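**Q** Show me the folded form of this:
(chains A and B)
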Amino acid sequence: MAPTHDPQLLKGVLSLLLLRLLAERESYGYEIVQRLRELGLSDISEGSVYPALARLEREGRLETRLVASRSGPARKYYRPTAAGAQALAEGTASWLSLAAVVHPALVRRLPDPSTSTEET
Amino acid sequence: MATPRSALDRLRIERAVWAVDARLGDLPRRSRVSRRRELRDNLLAASEDVGARQAVRQLGDLRILAAGYVAAEYGELSRRPSWTAAVATLFLIEAAMTLLEYVGRTGFDSGITSATPHATGTFRWAGFPYLISDETFTYLNGTHTSVGGAWTPLVYVLMFAGAFVAGRMWRLIPAWRRQRSQARPAVAWEEGNGDRA
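**A** Presented below is the predicted three-dimensional model:
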């Protein structure tokens, strides 16, 4: 069974992930969802990804273009703007800095409860 | 894997699209149309993979999705233009009625006191038909007290109808601005804010 992810934690890094994936390759909405699922975020909701794309577009971090599709109407492809690339660089540095602090603390071996109590 | 779309599948997709669209009333028209088209396209793409029923299910709660789109447009806590327009209309009508009442009452009082500077007695002002009810002025040596002159229920109906209409029609302003800016040459790539009013 695929692991579930805390939606609040995911919400914090979703924009960063979207910018990163789109910097690698421009994509349309559903394709991005598929790429996120391939990363391991199998429980991610499309309903959280589409508004995140809309917000990044409004903030000027993504730009769009319409590409004709054989299977239906033209698809809206997203890719980062210069501001988006800068936000990606800053966000990545911030995330790595935070992870460098949080990860070692979380994976540290817990003390044995029987030996950690104060001796009287 | 691609699966052929039946009429029922198209109906499922359209129902989801319109359920979201119905909750996007606060978005500028162009942005709303753009979101609707994009959502439909994504659902069509997803339905080829997993079928229409599952594609719609994967969207999650449609109310949350619509709220996400609106928050993406205006931010989480900012005021919605429809509410701003409605409240502004309420205040505008109230100000107009207050001004009308003031002008009417002042005119009536001026008429009485200019004809009879030290008027004493009771006089009736008919008010404004359908808007302000009649008012009784009681004079004693040129100074007066008054009773009546209330706004009729029609005024309150107009207030709330006006607020509702303004709340729906605020899009005319960005549409008008957009028309003015349409002279600019089109570009291949839409800028981040270029899709909005």
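**Q** Nearest to chain B: which residue in chain A?
**A** residue A:51 (3.0 Å; Cβ to the nearest Cβ). Where C-beta positions appear, they are placed from N, C-alpha and C, glycine not excepted.
**Q** Show me what counts as buried in the host helix or strand of residue B:20.
**A** Secondary structure assigned from DSSP states H and E places residue B:20 in helix B:7-21. Residues of helix B:7-21 classed as buried: B:9, B:12, B:13, B:16, B:17, B:20, B:21 (neighbour count, 16 or more other Cβ atoms under 10 Å in any protein chain shown).
**Q** returning to what we had before: give the buried residues for the host helix or strand of the residue of chain A closest to chain B.
**A** For residue A:51, the host element (DSSP H and E) is helix A:46-58. Neighbour-count burial for helix A:46-58 flags A:46-58 (criterion: 16+ other Cβ under 10 Å).
**Q** Quick check: what element follows that helix along the chain?
**A** strand A:62-69.
**Q** buried residues in that following strand?
**A** Buried-residue list, strand A:62-69, by 16+ other Cβ under 10 Å: A:62, A:63, A:64, A:66.
**Q** in terms of contact count, name the helices or strands touching it.
**A** Strand A:62-69 is packed against helix A:7-24, helix A:46-58, strand A:72-80, with contacts defined by 3 or more Cβ pairs under 8 Å, 6 or more residues apart in numbering or on different chains; DSSP states H and E.
**Q** now the angle between strand A:72-80 and the second one, please.
**A** Read that as helix A:46-58. 60 degrees (axes from the mean of the first three to the mean of the last three Cα atoms, to 10 degrees).
**Q** Pull helix A:46-58 out as PDB, backbone CA atoms only.
**A** Below are the C-alpha coordinates for helix A:46-58, written out as PDB (Å, rounded to 0.1, in the frame of the first residue of the first chain):
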ATOM      1  CA  GLU A  46      -5.700  17.000  -8.700                       C
ATOM      2  CA  GLY A  47      -7.900  19.500  -6.800                       C
ATOM      3  CA  SER A  48      -4.900  20.700  -4.900                       C
ATOM      4  CA  VAL A  49      -2.500  20.800  -7.900                       C
ATOM      5  CA  TYR A  50      -4.700  22.900 -10.300                       C
ATOM      6  CA  PRO A  51      -5.300  25.800  -8.000                       C
ATOM      7  CA  ALA A  52      -1.600  25.800  -7.100                       C
ATOM      8  CA  LEU A  53      -0.800  26.200 -10.800                       C
ATOM      9  CA  ALA A  54      -3.300  29.000 -11.000                       C
ATOM     10  CA  ARG A  55      -1.700  30.700  -8.100                       C
ATOM     11  CA  LEU A  56       1.800  30.400  -9.400                       C
ATOM     12  CA  GLU A  57       0.500  31.800 -12.700                       C
ATOM     13  CA  ARG A  58      -1.100  34.800 -11.000                       C
END
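**Q** other SSEs contacting that helix?
**A** Against helix A:46-58 (3+ Cβ pairs under 8 Å, 6+ apart) you get helix A:7-24, helix A:29-39, strand A:62-69, strand A:72-80, helix B:29-50, helix B:62-74.
**Q** Of those, which is nearest residue B:169?
**A** Nearest of those to residue B:169, taken as Cβ to Cβ: helix B:29-50 at 11.2 Å.
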